[in-house]
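[1] Sharing a sequence plus its predicted fold:
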Amino acid sequence: MAIEIERKYLLDAYPNTLIQEGIIKVEKEQLIEQTYLALDGDQELRVRKITDPHSGLVEYTHTFKKGWGIAREEVEFTISEGLYDQVVKAHGAIPLTKRRVTARWGDTVIEIDDYAQIDMLVLEVEFSSIEAADSFVPPVWFGQDISTDKQYSNKKVWRDLQTQAGNEA
């Protein structure tokens, strides 16, 4: 199983000025809808619909994750539109939606998630090792490190959406 190692930060504001000044170079944008099919302790099973708003291309993924904190096991693979539609319809849940911008800040690839249903901006950085993640010194504009704060996890935010809508999660 692959290991995903990432740090997450709570952005105070979208870094438009840094993008305009060329300090951050945007590489791609995606619109993501994700629905959790099963949550149990430190394990999660989800599906995603990922749309490129510029080309209109759509891909669908199925992901299993296990663990807490900055390093988690992850298995992700592509699924068909039909399978995605079938499991989302059967589950009857509201998908968590966000706009993801993948960009380069110096030599570092960053992903900025702008959540559609709540007022939250999260910046993620993936690393090749735990040592690299632990030694990373973020700039002040990254904001608060929320890497291990469960209240900001996608699955917690998704669960809250289901509760607000009266769905069981």
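    Sure, I can see it. On a predicted model such as this, the values are computed, not experimentally measured, just so you know.
[2] What about Leu123, how many residues nearby?
    Summarising burial for Leu123: neighbours were counted as other C-beta atoms under 10 Å, giving 23. (Each C-beta comes from the backbone N, C-alpha and C, glycine too.)
[3] Give the full set of residues in contact with it.
    Applying C-beta atoms under 8 Å, 6 or more residues apart in numbering to Leu123 gives the contacts 8-9, 11, 110-113, 142-143.
[4] make it 6 Å
    Contact partners of Leu123, counting by C-beta atoms under 6 Å, 6 or more residues apart in numbering, are 9, 11, 110, 112, 142.
[5] JSON lines for the residues you listed, including distance to Asp52 and secondary structure?
    Formatted as JSON lines, the entries for the contacts of Leu123 read as follows, by distance: C-beta to C-beta, whole Å; DSSP: H, G, I helix; E, B strand; the rest coil:
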{"residue": "Tyr9", "distance to Asp52": "25", "secondary structure": "strand"}
{"residue": "Leu11", "distance to Asp52": "22", "secondary structure": "coil"}
{"residue": "Ile110", "distance to Asp52": "18", "secondary structure": "strand"}
{"residue": "Ile112", "distance to Asp52": "16", "secondary structure": "strand"}
{"residue": "Phe142", "distance to Asp52": "26", "secondary structure": "helix"}
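[6] Which element, helix or strand, includes Val157?
    Using DSSP states H and E, Val157 sits within helix 154-165.
[7] got a list of contacts for that helix?
    Residues contacting helix 154-165 (C-beta under 6 Å, 6+ apart): 36, 39, 44, 93-94, 96, 117, 150, 169.
[8] Same question for stretch 45-53.
    Taking C-beta under 6 Å, 6+ apart as the criterion, the residues outside stretch 45-53 that touch it are 29-38, 58-64, 84, 87.
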